[in-house]
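In: Show me how the following folds:
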Amino acid sequence: MIWKMGATMGAFIPVAAAAVARDTGATVATSAPTIWHFAGYPFEAGSMIAALCACLAVRFYVAQTDRQQHRWTVDAPVTILALLFTAGAVMRLRPDPALALIYGTGLGALGAGIIAIALNFVRSKLPGTDQPQA
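Out: Have a look, this model is predicted:
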């Protein structure tokens, strides 16, 4: 009887060892955002696409509300500036796509206000750029 149990265990151990060696266990597949690079700066592709589309949509909406002839020739430089600031914000802050939509929408709506903000910033940082006192 002892001989039979030993033979059975002897046959079971290699089979169990082979099954354990083959079984890698359950793995969880996780997704990671696609990372693009521009000028050495990494950023999430989804966030960039979301922000730029939101910015462009808002600029298009703002340009259409005026309904003036040749409006895009006037608004094109402001739209490009807003798109560049939006891309810079996404590269710098690396927001998730939902927050990137907010940044794109806000910067697109700000439009020409970006110029005033930048001008005030430069005046506050550089000596001698203050406006003369009247």
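
In: Of all the helices and strands in the chain, which has the lowest average confidence?
Out: Using mean pLDDT, DSSP states H and E, helix 2-22 stands out as the lowest-scoring helix or strand of the chain, at a mean of 57.

In: for stretch 79-89, what is the average pLDDT?
Out: Across stretch 79-89, pLDDT averages out at 95.

In: So which elements touch the helix or strand following the least confident helix or strand of the chain?
Out: Sequence order places strand 35-38 as the next helix or strand after helix 2-22, per DSSP states H and E. The contact analysis (3 or more C-beta pairs under 8 Å, 6 or more residues apart in numbering; DSSP states H and E) places strand 35-38 against strand 41-44, helix 45-66. From N, CA and C alone the C-beta is placed, and that goes for glycine too.

In: List the neighbouring strands of the first one plus their orientation.
Out: Pairing partners of strand 41-44, with direction, according to DSSP bridges: strand 35-38 (antiparallel).

In: which other residues reach the strand it pairs with?
Out: Outside strand 35-38, the residues that touch it by C-beta atoms under 8 Å, 6 or more residues apart in numbering are 42, 43, 44, 45, 48, 87, 91.

In: what about 10 Å?
Out: If you take C-beta atoms under 10 Å, 6 or more residues apart in numbering as the criterion, strand 35-38 is touched by 42, 43, 44, 45, 46, 47, 48, 49, 87, 91, 94.

In: State the pLDDT value of residue 28.
Out: 76.

In: when you give positions from now on, start the count at 20
Out: Sure thing, new numbering starts at 20, so read that last one as residue 47.

In: Ramachandran angles for it?
Out: Main-chain dihedrals, residue 47, degrees, to the nearest 10: phi -100, psi 120.

In: What separation is there between it and residue 145?
Out: As judged by C-beta to C-beta, to the nearest Å, residue 47 and residue 145 stand 53 Å apart.
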